[in-house]
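> mind looking at a prediction? Sequence and model below.
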Amino acid sequence: MVNQHSSEYLNKIAQKFVLEPIREVRALGNGNINDTFLVRLDQDQFVLQQMNTQVFCQPQQVMQNMWICTQHMCDRLATCQMDRRWETPQVLFTDEHQDHYLEGDSFWRAISFIGHSRSYDTIQSLKQAEEIGYALGLFHSLVSDLAPEKLSDTLEGFHITPLYLQQYDRALSNSSVTRTPEVNYCLKFVSDRQAWAHVLEDAKQAGKLQLRLMHGDPKINNILFDVATDKAVSVIDLDTVKPGLIHYDIGDCLRSGCNAIGEETQAWETVRFESDLCEGILRGYLQVAKAFLTDHDYAYLFDAIRLIAFELGLRFFTDFLNGNVYFKVNYPEHNLARALVQFKLAESIESQEKAICAIVEDLR
């Protein structure tokens, strides 16, 4: 998907969701999956997205999940005594009371815009790290009493690492990629960790980890901060909300948050997992999450942190072997470069296992 729509076309689509005149539609953000635009009205703004239906094969169910989840969170917030600003994205409906608009094969939806906020690609301070953890903890808390079976599994196999390993094996057997030193590093990295990659799924099957609702993509740039107070005010990008393990969320948040030089760096050999940022995120998270975490949940936190960096690297590397068919890329080796960053991060996590486990114990 590429932003090649004319302004007239975008205005026509945006107008389906509002009665007011459209003042401007412009590209927003740099997401890897959907095409996103900011629509400006006289007094307000909203987000317009063309969903990638190759990734989200059941877009109507994605929207149903989003509606159920956001309404539940709003109802919970209405009964909470919040001493700070917190907002939940709202689904906007068309003039025909639909949560989406179809234009040919294009699936469009609109979501409320969280104003006076911004996101970060890397954490700027320990205080901000705590805010990121708090935001994820609050999200998990607000949906902790929403039964997972009320939502559809819109991305079957998502965050199921053994399935990604199967996809990787198929991609590798069909690939004729040149065996550069970087490719060889990735091949060995995956080979050395194949047996361990089942750890969270095995714990789920054994009944040690329970199915809950997870966000599915709580990287730090999906958490918005108030521009005035620099406190977290919202968790956005709810396409991937579905039944799953909250450990995938915790691991993904720490994976993205504790890499100080960011996911798109070319200096992959210098990537390091910052344990002080890990402590900050977990401190903020556990302020809220202690109420619903079990002993088994704590026992698998380190595995979650390690696994998700490995898993994302595996997905990037598989896409590189397949010819870059899933993630958007800016150049042919882009997914290889992304994979190298994640594998180096996983390596750094592994080297600090004792320190990370000590942080978890200290914060319990």
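Now that the structure is in, tell me what you want to look at.

> dump the helix or strand that contains Lys188 to CSV, restricted to CA.
Counting by DSSP states H and E, the element that carries Lys188 is helix 181-193. Taking Å, rounded to 0.1, in the frame of the first residue of the first chain, the C-alpha atoms of helix 181-193 are listed here in CSV:
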residue,chain,number,x,y,z
PRO,A,181,28.1,-12.3,6.6
GLU,A,182,25.0,-10.6,7.8
VAL,A,183,22.7,-13.3,6.3
ASN,A,184,24.9,-16.0,7.9
TYR,A,185,24.7,-14.2,11.3
CYS,A,186,20.9,-14.4,11.1
LEU,A,187,20.9,-18.0,10.0
LYS,A,188,23.0,-19.1,12.9
PHE,A,189,21.1,-16.9,15.4
VAL,A,190,17.8,-18.6,14.5
SER,A,191,19.3,-22.1,14.3
ASP,A,192,20.8,-21.8,17.8
ARG,A,193,17.4,-20.8,19.4
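
> what comes into contact with stretch 308-324?
Identification of contacts with stretch 308-324 by CB atoms under 8 Å, 6 or more residues apart in numbering yields 159, 161, 164-165, 167-168, 171-172, 174-175, 177, 186, 189-190, 193, 197, 248, 251-252, 254-255, 273, 325-327, 332-336, 338-343, 345-346, 349. Quick note: C-beta positions are derived from backbone N, CA and C, even for glycine.

> with stretch 260-278 instead?
Residues outside stretch 260-278 that contact it (CB under 8 Å, 6+ apart) are 121-123, 126, 129, 254, 256-259, 305, 309, 337-338, 340-342, 344-345, 348-349, 352, 355-356, 359.

> and Ser348, helix, strand or coil?
For Ser348, the secondary-structure state derived from DSSP: H, G, I helix; E, B strand; the rest coil is helix.

> so what's it closest to, chain neighbours aside?
Excluding its sequence neighbours, the residue lying closest to Ser348 (CB to CB, 6 or more residues apart in numbering) is Phe273, at 4.1 Å.

> measure that neighbour to Glu279 for me?
Applying CB to CB, to the nearest Å, the value for Phe273 to Glu279 is 12 Å.

> against Leu238, how distant is Leu28?
Distance check for Leu28 against Leu238: by CB to CB, it reads 16 Å.

> between those two, which is the more surrounded one?
Leu238 (24 against 17; other CB atoms under 10 Å).

> ok, that one touching Met66?
Yes - applying CB atoms under 8 Å, one finds Leu238 in contact with Met66, separated by 5.0 Å.

> who are the contact partners of the residue nearest the centre of the chain?
Per CA atoms, centre = their mean, the C-alpha nearest to the average position across the chain is that of Asp217, at 1.4 Å. Shown here is Asp217, whose contacts under the criterion CB under 8 Å, 6+ apart are Asp237, Asp239, Thr240, Asp252.

> just the buried residues of those.
Asp237, Asp239, Thr240, Asp252 (16 or more other CB atoms under 10 Å).

> residues in contact with the residue nearest to the second one when sequence neighbours are not counted?
In other words, Asp239. The spatial neighbour of Asp239 that comes closest, neighbours along the chain excluded (CB to CB, 6+ apart), is Val62 at 5.5 Å. Taking CB under 8 Å, 6+ apart as the contact definition, Val62 lies against Met51, Phe56, Thr154, Asp239.

> which stretches of the chain form strands?
For the chain, strands defined by DSSP state E occupy the ranges 24-27, 35-40, 45-51, 91-92, 101-103, 106-112, 117-118, 212-214, 223-226, 232-235, 242-244.

> who touches the first one?
Going back to what we said before, that points to strand 24-27. Asn3, Ser7, Leu10, Asn11, Ala14, Asp35, Thr36, Phe37, Leu38, Val39, Arg40, Leu48.

> equivalent analysis for the second one, please.
The list of residues contacting strand 35-40 from outside it, by CB under 8 Å, 6+ apart, reads 1-3, 10, 14, 18, 22-29, 45-50, 52, 110, 113.

> weed out the non-buried ones from the contacts of stretch 308-324.
Neighbour counting with 16+ other CB under 10 Å marks 159, 161, 164-165, 167-168, 171, 186, 189-190, 193, 197, 248, 251-252, 254-255, 273, 326, 333-336, 338-343, 345-346, 349 as buried within these.

> how is this structure partitioned into domains?
7-113, 126-363 (automatic domain parsing).

> okay, these, which one's buried deepest?
Compared across the domains of the chain, domain 126-363 shows the largest average neighbour count, a mean of 19 (mean count of other CB atoms under 10 Å).

> now do the same end-to-end measure for it.
Distance between the boundary residues of domain 126-363 (CA to CA, to the nearest Å) amounts to 15 Å.

> check stretch 24-37 too.
The first and last residues of stretch 24-37 sit 10 Å apart, counting by CA to CA.

> swap in stretch 217-228?
In stretch 217-228, first residue to last residue: 26 Å (CA to CA).

> could you pull out the helices for this structure?
For the chain, the helices defined by DSSP state H cover 7-15, 59-79, 126-142, 161-174, 181-193, 199-205, 246-257, 275-289, 295-299, 301-321, 334-351, 353-363.

> make TSV out of those helices and add distance to Trp86 and mean pLDDT.
Below are the helices of the chain laid out as TSV (distance: least, CB to CB, whole Å; pLDDT from 0 to 100):
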stretch	distance to Trp86	mean pLDDT
helix 7-15	27	94
helix 59-79	7	95
helix 126-142	7	97
helix 161-174	32	95
helix 181-193	38	96
helix 199-205	29	96
helix 246-257	17	94
helix 275-289	11	96
helix 295-299	24	96
helix 301-321	25	96
helix 334-351	30	97
helix 353-363	23	96
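
> of those helices, which approaches Ile223 most closely?
For those, the distance to Ile223 is smallest for helix 126-142, at 4.7 Å, taking CB to CB.

> which residues are contacting the closest one?
Helix 126-142 is touched from outside by 72-73, 76-77, 86, 120, 123, 212-215, 218, 220, 223, 225, 230-232, 234-235, 246, 249-250, 253, 257, 276-277, 279-289, 291-292, with contacts defined as CB under 8 Å, 6+ apart.

> I appreciate the help and will end here.
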